[in-house]
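K.L.:
mind folding the following:
(4 chains)
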There are 2 protein chains.
Amino acid sequence: MSTTSSRLDPRVLRTRQLIRDAFIDLLQEVELEKISVNRIAERATINRVTFYLHYKDIQDMLEKMADDMIQEIKVILGEVSSRSAAMDKDGTVMSKVLEHIAANSKFYKVLLASKRIPVFTDRLTQLMLEVITARARHPELAPPAAALGVPVDIAVWYGSSAFIGTIVWWLRNDMPYTPQYLAKQLALLFRMHQNTTGP
Amino acid sequence: MSTTSSRLDPRVLRTRQLIRDAFIDLLQEVELEKISVNRIAERATINRVTFYLHYKDIQDMLEKMADDMIQEIKVILGEVSSRSAAMDKDGTVMSKVLEHIAANSKFYKVLLASKRIPVFTDRLTQLMLEVITARARHPELAPPAAALGVPVDIAVWYGSSAFIGTIVWWLRNDMPYTPQYLAKQLALLFRMHQNTTGP
DNA sequence: TTATTATACGACATTGTGTAAATTAGTTGC
DNA sequence: GCAACTAATTTACACAATGTCGTATAATAA
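P.N.:
All right, here's what the predicted structure looks like:
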């Protein structure tokens, strides 16, 4: 996951990494509801009180981890979309994002796919929604399904949910397609209901 | 919600209803993680021990409530699809389902939309997946996006997630469209990526 | 080195969990 | 209406988890 370290006490970094790894580790064995601060501290080989020096409680920890996740994806989105002005006709951006997810699949699989921790799916859907809404404003890209008279908000939500849902399915099934291939299929399906009524 | 009572002790029905109402009620105030058996029993005006006579724990209660939910929707699906052999060209089935959700919006909103309790979304997505897969086998309905060379499993997941996601958004925004209208739009969007390459 | 700060350690009050026993009260069939 | 069930109540217990003390120790940065 490569936590982008600014000037932070290496002890803090070490402890947070230990907590994070212990949590992901535990989540592969038991349900979220059965995971206590006790167990996390035990598995992370830190003192239980130390956990509270970093996070208010488990919920707080999840939210901060979700923030980090979104931040990393935003970096990827920024990198790609600023380089290629053509803006993702062939699904380049999505391809990069899927590669990132594949590279950190242990993390994403457990948080998004196997155990379902709403905050992660929610944040990701929110981000996808922003991206699609932004794209819809570009004149060279077709206005979302307006041709058929479908309200924009319905079409945007339809698309965002479809994307995230498909990614979750892909993770659950241990990524049976390459990121590049899946990105292409998603682009095909997406363009279909964003820009229609034929030639 | 009209719990279809078979021959069951009215005391059991009463208690379960009290638990259910108390839980939905609490869920409007605090997060799921902060809800204890203690609080539920207190709010339901039953003894805490009585809760354990009905459910193993809170997780077990959620699963049984999700089972009931799916059961009710299945009844609707069965009723409609057996009556009209034309099978939902204009979104009749979806319309009935959305009407049901609207009629029990307090229940669905909190479990599906505001707080996100994965088991409910999961079961609903699973059901939607079955329905779409079954429809895809009917010859008079176009095979899913095969015309464009998109694998069936991708297209089916794409569609299912889109449906559920849009319904969630609809609930979150306090149902800004009528069930009938939304059903129509969903049918339009759906047919687009299930059946393409034009006439 | 020295001042700073993260972590460890032990302790404590509080709340929640799951189960057991005996008792009370409501339901069903005759 | 009475008798036989059976649900719910009450009280009690052992245990786990939470969140927060104060103090001691170790690592870090100046």
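K.L.:
what's the helix or strand of chain A with the lowest mean pLDDT packed up against?
P.N.:
Least confident helix or strand, chain A: helix A:179-194 with a mean of 87, by mean pLDDT, DSSP states H and E. Here helix A:179-194 touches helix A:92-103, helix A:152-172, helix B:152-172, helix B:179-194, going by 3 or more CB pairs under 8 Å, 6 or more residues apart in numbering or on different chains; DSSP states H and E. Any C-beta I mention is one placed from the backbone N, CA and C, and that applies to glycine too.
K.L.:
please compute how far that helix lies from its chain's middle.
P.N.:
Here helix A:179-194 is found 17 Å from its chain centre; the criterion is CA atoms, centre = their mean, to the nearest Å.
K.L.:
buried residues in that helix?
P.N.:
For helix A:179-194, the neighbour count (16 or more other CB atoms under 10 Å in any protein chain shown) marks A:179, A:182-194 as buried.
K.L.:
can you check stretch A:25-42 too?
P.N.:
A:26-27, A:32, A:35, A:37, A:39-41.
K.L.:
following the record's annotation, map out the domains of chain A.
P.N.:
A:6-54, A:61-194 (automatic domain parsing).
K.L.:
what is the mean pLDDT for the first one?
P.N.:
Right, the one you point to is domain A:6-54. The average pLDDT for domain A:6-54 rounds to 94.
K.L.:
what parts of chain A come near chain B?
P.N.:
A:31, A:33, A:58-59, A:115-118, A:121-122, A:125, A:145, A:148, A:150-151, A:153-155, A:157-162, A:164-166, A:168-169, A:177, A:182, A:185-186, A:188-189, A:192-193, A:196, A:198-199 (CB under 8 Å from any CB of the partner chain).
K.L.:
residues of chain A that sit close to DNA strand D?
P.N.:
Counting by CB under 7 Å from any atom of the strand, chain A comes close to DNA strand D at A:9-11, A:36-39, A:48-49, A:52, A:57-58.
K.L.:
of those residues, which are in range of DNA strand C?
P.N.:
Contacts with DNA strand C within those, as defined by CB under 7 Å from any atom of the strand: A:9, A:11, A:49.
K.L.:
can you list the helices and strands packed on helix A:179-194 in a markdown table and add distance to A:Gly78?
P.N.:
Output for the helices and strands packed on helix A:179-194, formatted as a markdown table (distance: least, CB to CB, whole Å):
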| stretch | distance to A:Gly78 |
| --- | --- |
| helix A:92-103 | 10 |
| helix A:152-172 | 18 |
| helix B:152-172 | 25 |
| helix B:179-194 | 29 |
